[in-house]
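Undergrad: My questions concern the predicted model and sequence given below.
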Amino acid sequence: MGFLQGKRALITGIASERSIASGIAEAMHREGAELAFTYQNEKLKSRVQKAAEQFGSDIVLPLDVADDAQIQACFDELGKRWDRLDILVHAIAFAPREALAGGFLDGLDREGFRIAQDISAYSLAALTKAARPLLTGHQSSVLTLSYLGAERALPNYNVMGVAKASLEATVRYLALNLGAEGIRVNAISAGPIKTLAASGIGSFRKILGHVEQYAPLRRTVTIEDVGNVGAFLCSDLAAGVTGEVTYVDAGYNILGMTGLDDVG
Ligand SMILES: NC(=O)c1ccc[n+]([C@@H]2O[C@H](COP(=O)([O-])OP(=O)(O)OC[C@H]3O[C@@H](n4cnc5c(N)ncnc54)[C@H](O)[C@@H]3O)[C@@H](O)[C@H]2O)c1
Ligand SMILES: Cc1c(CN(C)C(=O)CCc2cnc3c(c2)CCC(=O)N3)oc2ccccc12
């Protein structure tokens, strides 16, 4: 008997088997949750359909969070299949690639900043607002994914760090405004993981190596590490937790200074 038995979860953000959302889906399915899925576009539909079959689900809905009509249609359709939603997983982020390399100002323009905020932060509030009729009136939970770049100035993360800061503040305001109706809202701040969103980031291999060398656990984290904590945070075991950012990063965030050990 898993600790999510009887719970119904909508999983966004699967783009491959390496997606963090795939790790979350696996853990939630293992703990007994019934799953539904969304996909961003036709290119990803078959991958998400395959994931849904793997988890015994036949609910696979289109959802490009840039499109308000698709957001509303997604939850209208879900409401025809389920009379309530217990868990909403938001594992979505995007900024134009050119904004994520080099200096913060080099790749900066108004449109790139807007896109990063819209897709990576506003979309959490928009999805929660559209899901609210299905989430309200019972113990339910919203989970999103953040990164250390929300609160530390990390090289190259640039506008995505500003968007993640906005995402984490959105978590707190959603938690404040929805707590009275039983809806909890939390974030996991995950360490770097080699997913599609991480591919093409020039310095990524160096980042992973740095974490392996200096993180207290001396390793990087996996989608299974994140999935397990996500399943816990969305379960009734975490009934007293809301508005929080929980680090799943092998302890890297606690470090004040790295590199000194090799100077003797
Ligand atoms: N990989 C990491 O190192 C890492 C670390 C911390 C946090 N995160 C966060 O985890 C979340 C999931 O990313 P991931 O690493 O699993 O990569 P991923 O590429 O597997 O997933 C990103 C997802 O965002 C979706 N997406 C992008 N634009 C969208 C749109 N307009 N509408 C709907 N969906 C859209 C993509 O379809 C994809 O499924 C993101 O919020 C990311 O910022 C990633
Ligand atoms: C870690 C890390 C990540 C992974 N991570 C935490 C993320 O949040 C990834 C977010 C992301 C958002 N938008 C895009 C991309 C990644 C790459 C492809 C693209 O075109 N747009 O991304 C970085 C970018 C620069 C530096 C470090 C990192």
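TA: Looks like it came in fine. Ligands and ions are numbered 1, 2, ... in the order given.

Undergrad: what's the pLDDT at L127?
TA: If you check L127, the pLDDT there is 98.

Undergrad: Please verify my assumption that it contacts I11.
TA: No - when contacts are counted by CB atoms under 8 Å, L127 is not listed as touching I11 (11.9 Å). The C-beta positions use only the backbone N, C-alpha and C, and glycine is treated the same way.

Undergrad: quick one: the helices in the chain?
TA: Ranges of helices within the chain are 20-30, 42-54, 68-81, 110-117, 123-135, 158-178, 204-214, 223-233, based on DSSP state H.

Undergrad: Packed most tightly, which of the ones you listed would that be?
TA: The highest mean neighbour count among those, using mean count of other CB atoms under 10 Å, belongs to helix 20-30: a mean of 25.

Undergrad: got a pLDDT number for A101?
TA: 89.

Undergrad: For beta bridges, what are the partners of P62?
TA: Y39 (DSSP bridges).

Undergrad: Contact partners for it?
TA: 38-39, 41, 45, 70, 73-74 (CB atoms under 8 Å, 6 or more residues apart in numbering).

Undergrad: Residues of the stretch 151-264 of the chain that sit close to ligand 1?
TA: The stretch 151-264 of the chain comes close to ligand 1 at residues 190, 192-193, 195-198, as judged by CB under 6 Å from any ligand atom.

Undergrad: out of those residues, which are buried?
TA: Among those, the ones that count as buried by 16 or more other CB atoms under 10 Å are 190, 192-193, 195, 197.

Undergrad: Mind picking the lowest-pLDDT entry from the residues you listed?
TA: A197 (87).

Undergrad: Now that one. Nearest residue, chain neighbours left out?
TA: Spatial nearest neighbour of A197, chain neighbours left out: A93 (6.5 Å); criterion: CB to CB, 6 or more residues apart in numbering.

Undergrad: same question, Q72
TA: Leaving aside its chain neighbours, Q72 sits nearest to A130 (5.8 Å; criterion: CB to CB, 6+ apart).

Undergrad: cool, D118 as well?
TA: A66 is the one closest to D118 (CB to CB, 6+ apart), at 6.6 Å.

Undergrad: Same question for P192.
TA: I207 (5.0 Å).

Undergrad: so the one you found sits right up against K194, yeah?
TA: No - using CB under 8 Å, I207 is not in contact with K194, being 10.0 Å away.

Undergrad: what about this protein, any weak spots by pLDDT?
TA: 262-264 (pLDDT under 70).

Undergrad: With distance to ligand 2 added, can I get the contacts of P62 in JSON lines?
TA: Output for those, formatted as JSON lines (distance: CB to the nearest ligand atom, whole Å):
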{"residue": "T38", "distance to ligand 2": "18"}
{"residue": "Y39", "distance to ligand 2": "17"}
{"residue": "N41", "distance to ligand 2": "14"}
{"residue": "K45", "distance to ligand 2": "20"}
{"residue": "Q70", "distance to ligand 2": "19"}
{"residue": "A73", "distance to ligand 2": "25"}
{"residue": "C74", "distance to ligand 2": "21"}
